[in-house]
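> Have a look at this fold, sequence not included:
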């Protein structure tokens, strides 16, 4: 019986590897298709063409015909130092974000190896390219960590939500703090007095920051979500209510852990600096005449708004916001196509690291950890 079970397990493992390879291959092709579409769109915009006026077939044909050539030309146009710097800074948030998430896991008594945390972070970043908003990969991350920590699945899942919430709050606060810096960059004619779009963006950042702060305050420092509260008792009566109530109650541990919020804020600051630094390097490489102080506000603000699940990975939202915020009369040397190029290049750099995550997903699937979990669960079953 054991031998037959072992044969079945090997066969299942082989099918699993082929399925994993197929998924990874298809998604990798999708990543390069998006990158090539970006490059073809930039080429078309430089000649006055309209990408949206093309049929789907014409867009695909142009992407795979001109895309690779234009990608090479773009890389050659950017000076090597800024290109390497942008790519390096773009990948740093994955590693630092993994350390931040590991801190949240430890608060819940879950001590995953650093290698496993980094692996899951890269895989989640890979799937981020295809799911709604920049938070889509969190679903994959929650699934992975729930499998690896079956005895505390609710607590494991809530660490993903909390990590995303604190990261978003930190980015919003960062953007809000940068408003005075951006304000003074165009004195005596501040952008926030001259353009309603800057006023609207600042208001949106403020509203989102307050909402995120309220969620943190309620979850970390109050008993409103405890299992014994009225809300907790109501949640327990819902389908899957016991797990949801347990996850919500686990949030209180984050507020009780001394130094957790402070350390998380330091990790988030490093992530924020890396994100803005990526766009600063690309802007320098493109020789855009935009004050750096303006980008310190615009980049985090746009990323936060684009993270809302409006379109897949914020496509369209992010590009329109970059163009509307940067291609304005205050910066006459910046054309809409150049602002679009900055947005698309930043997205392409992010996709390059998604491709790295695809390789991690394919080559380091974590079979040993999952097999160990399956054996442990089998040993506990009657």
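Here it is on my side, so go on. These numbers come from a predicted model, not from an experiment.
> I figured residue 54 hits residue 62, correct?
Yes. Using Cβ atoms under 8 Å, residue 54 makes contact with residue 62 at a distance of 7.0 Å. For glycine as for every other residue, the C-beta is placed from the backbone atoms N, C-alpha and C.
> ok, the two, which is more surrounded?
Using other Cβ atoms under 10 Å as the criterion, residue 54 and residue 62 rank with residue 62 on top: 21 against 16.
> pretty sure the more buried one is in contact with residue 49, am I right?
No. Look at residue 62 against residue 49 with Cβ under 8 Å: they stay out of range, at 9.5 Å.
> List the contacts of residue 333.
288-289 (Cβ atoms under 8 Å, 6 or more residues apart in numbering).
> That one falls within a strand, correct?
No. Assessed with DSSP: H, G, I helix; E, B strand; the rest coil, residue 333 is coil; it does not lie in a strand.
> Got phi/psi on it?
phi -80, psi -10 (degrees, to the nearest 10).
> what do you get for residue 227?
Residue 227 has phi and psi values of phi -60, psi -30 when expressed as degrees, to the nearest 10.
> Please tell me how far it sits from residue 84.
51 Å (Cβ to Cβ, to the nearest Å).
> ditto for residue 200
From residue 200 to residue 84 the distance is 36 Å (Cβ to Cβ).
> Look at residue 329 and give its secondary structure.
Strictly by three-state DSSP, residue 329 counts as coil.
> Please renumber the chain so that the first residue is 655 from this point on.
Got it, first residue is 655 now, which makes that one residue 983.
> Let me see the backbone angles for it.
When read as degrees, to the nearest 10, the backbone of residue 983 gives phi -60, psi -30.
> How far away from the center of its chain is stretch 916-936?
13 Å (Cα atoms, centre = their mean, to the nearest Å).
> Share the number of residues neighbouring the closest residue to residue 705 other than its chain neighbours, please.
Residue nearest to residue 705 in three dimensions, not counting chain neighbours: residue 695, with 4.6 Å by Cβ to Cβ, 6 or more residues apart in numbering. Neighbour count of residue 695, defined by other Cβ under 10 Å: 26.
> how near is residue 695 to residue 812?
For residue 695 relative to residue 812 (Cβ to Cβ), the value is 39 Å.
> and the nearest residue to residue 809 once chain neighbours are set aside, how far is that from residue 811?
Closest residue to residue 809 apart from its sequence neighbours, by Cβ to Cβ, 6+ apart: residue 762 at 4.1 Å. Separation of residue 762 from residue 811 (Cβ to Cβ): 10 Å.
> Just confirm residue 997 contacts residue 978, I think it does.
No. Using Cβ under 8 Å, residue 997 is not in contact with residue 978; the gap is 10.9 Å.
> For the two, indicate the residue with more neighbours.
residue 997 (23 against 17).
> Quick check: mean pLDDT of stretch 711-731?
Computed over stretch 711-731, the mean pLDDT rounds to 77.
> List the contacts of that stretch.
687, 689-694, 696-698, 705, 708, 737, 939-940, 999, 1002.
> now that stretch, how far from the chain's geometric center?
25 Å.
> ditto for stretch 889-899
For stretch 889-899, the distance to the chain centre is 28 Å (Cα atoms, centre = their mean).
> residues of that stretch that come out buried?
889, 898-899 (16 or more other Cβ atoms under 10 Å).
> Give me the residues contacting that stretch.
By Cβ under 8 Å, 6+ apart, the list of residues contacting stretch 889-899 from outside reads 807-808, 881, 886, 902.
> Of the residues you listed - the most surrounded one?
Result: residue 902 is most packed of those (other Cβ under 10 Å), 22 neighbours.
> could you measure it against residue 805, distance?
18 Å.
> Which pLDDT value goes with residue 803?
72.
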